[in-house]
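Asks: pasting the sequence and the predicted model now:
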Amino acid sequence: MMGAAAPIFDPGASSTRLQIAVALVRALGLDQDARALAGTIVTVRYNGLPLPLADNAQIPPELRGYVQLALDLGLLSATITPLPTPHATFHPSGTVTRAVMAQTLVRYRAHFTAGF
């Protein structure tokens, strides 16, 4: 991926889950929708109810909309631990494996070809 600070492509660099969320939501043309959600609390659905991410504070407020849309579209997923008290985590600084990236790109392709 390309870094935000310099226009240099580094094919050997790893990408974080946050970087992938931002890149794919932008690639779908949903930048304006993501910006409208800036500063909100990112949630996932659990048993039909919104469950705030436990690591929400680790996501910069201006990028929370990108994560929310990536979760809502199923591009990326959160880890939900149901017991003893349900909580969800996104791990925004976690790196993405090739397997997860392949799975994510298949989901992205479905949205892209649907015209989303």
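Replies: That came in fine, so what should we check first?
Asks: tell me who's in contact with the closest residue to residue 40 other than its chain neighbours.
Replies: Counting by CB to CB, 6 or more residues apart in numbering, residue 40 lies nearest to residue 64, which is 5.7 Å off, once chain neighbours are set aside. In this view, the C-beta of every residue, glycine as well, is placed from N, C-alpha and C. Residues in contact with residue 64, defined by CB atoms under 8 Å, 6 or more residues apart in numbering, are 37-42, 56.
Asks: tell me which element residue 64 is part of?
Replies: helix 64-72 (DSSP states H and E).
Asks: tell me which other helices or strands the following helix or strand past that helix touches.
Replies: Stepping forward along the backbone from helix 64-72, the first helix or strand reached (DSSP H and E) is strand 79-81. Other elements packing on strand 79-81 under the criterion 3 or more CB pairs under 8 Å, 6 or more residues apart in numbering; DSSP states H and E are strand 87-89.
Asks: how far does the strand it packs on sit from the chain's center?
Replies: Chain-centre distance of strand 87-89: 14 Å, with CA atoms, centre = their mean, to the nearest Å.
Asks: for the contacts of residue 64, which single residue is the most surrounded?
Replies: residue 42 (26 neighbours; other CB atoms under 10 Å).
Asks: and the residue lying farthest from the centre of the chain, what element?
Replies: The centre of the chain is farthest from one residue, residue 84, which by CA atoms, centre = their mean lies 25.6 Å away. In the assignment (DSSP H and E), residue 84 maps to no helix and no strand.
Asks: per-residue confidence for the residue nearest to residue 40?
Replies: On pLDDT, residue 64 comes in at 98.
Asks: please report how far it lies from residue 36.
Replies: Between residue 64 and residue 36 the computed distance is 11 Å (CB to CB, to the nearest Å).
Asks: and stretch 38-58, average pLDDT?
Replies: Here the average pLDDT along stretch 38-58 is 96.
Asks: thinking again about what came up before, would you list the contacts of residue 64 in TSV and tack on distance to residue 18 and secondary structure?
Replies: Shown next, in TSV, are the contacts of residue 64 (distance: CB to CB, whole Å; DSSP: H, G, I helix; E, B strand; the rest coil):
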residue	distance to residue 18	secondary structure
37	14	coil
38	14	coil
39	15	coil
40	15	coil
41	16	coil
42	11	coil
56	12	helix
